[in-house]
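Student: missing the sequence, but the structure's below:
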């Protein structure tokens, strides 16, 4: 009986020690599991401070350069590019799409509130994703690409300057044709601006892309720029004085259309790869 009692006591002791060990191990496991969360909370809080400081910096830049009604085009272009990287990563509805002081101030204020309300875990993800190829494309390139593509099809007699000019110039006398050409060239400055902006942003952000995505981005920008230059050349052919390089207007139109098609295909391939969806307003 004594032996059985000793065995029973030993068994109870072993079980109690095992239980204590289990509780201690569970406690350590729980502490380990909670530690990353605590670190995540701390990291998230620090990142929210960084994001808030960025937003404040953008607002200060806006106020420092604020003339009456709108910003200078080069200031707005630089500010909106950097600001939209942050806005797109948090809430695309706060992005700057219009160079108007009221609109800029409203969206910047809205973004600041969005940052303040970010859960810490989401703040960490925002910082991780802000410089991703998808976010950079959607924030910096996508709107300009689609705006330019809508104007670059030479067969479009409404949106395209060359197509519209050729349609309007049919049957006009020589002087009227000259006037139409000059007017179209002035209006074509918006296409030139978009093409140059895409070129500048390609140089600034190409390190955020890699492999086939980078090749498609380069192709889209280069072919779009080539189409713009060719179409400008076409319109110049209808001025009183122009430099004749031996190419016929028909050849130039075909080249411009080919570049437009190549740019559009590369843009669409890139958007499919990045899963970037353009929603036209």
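Tutor: On my side now, so go ahead. Since this is a predicted model, take the numbers as computed values, not measurements.
Student: what residue ranges in the chain score low on pLDDT?
Tutor: Within the chain, the set of residues satisfying pLDDT under 70 comprises 1-36, 281.
Student: Got the domain ranges for it?
Tutor: 43-129, 133-274 (automatic domain parsing).
Student: Can you add mean neighbour count and give the ones you listed back as JSON lines?
Tutor: Where C-beta positions appear, they are placed from N, C-alpha and C, glycine not excepted. What follows is the domains of the chain, written out as JSON lines (neighbours: other CB atoms under 10 Å):
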{"stretch": "domain 43-129", "mean neighbour count": "16"}
{"stretch": "domain 133-274", "mean neighbour count": "17"}
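Student: who wins for proximity to residue 280 among those?
Tutor: Ranking these by distance to residue 280, with CB to CB as the measure, places domain 133-274 first at 7.2 Å.
Student: can you map out the strands along the stretch 1-150 of the chain?
Tutor: Remark: no strands are assigned in the stretch 1-150 of the chain by DSSP state E, counting those that start in this stretch.
Student: about what we covered before: using TSV, please lay out the domains of the chain together with distance to residue 280.
Tutor: Rendered in TSV, the data for the domains of the chain read as follows (distance: least, CB to CB, whole Å):
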stretch	distance to residue 280
domain 43-129	12
domain 133-274	7
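Student: Ok, which of those domains comes nearest residue 37?
Tutor: Each of the domains of the chain was checked against residue 37 via CB to CB, and the shortest separation belongs to domain 43-129, namely 8.8 Å.
Student: what's the span of the closest one, first residue to last?
Tutor: 15 Å (CA to CA, to the nearest Å).
Student: what does stretch 53-68 contact?
Tutor: Stretch 53-68 has contacts (CB atoms under 8 Å, 6 or more residues apart in numbering) with 71-72, 75, 79, 82-83, 86, 101, 104-105, 108, 111-112, 115.
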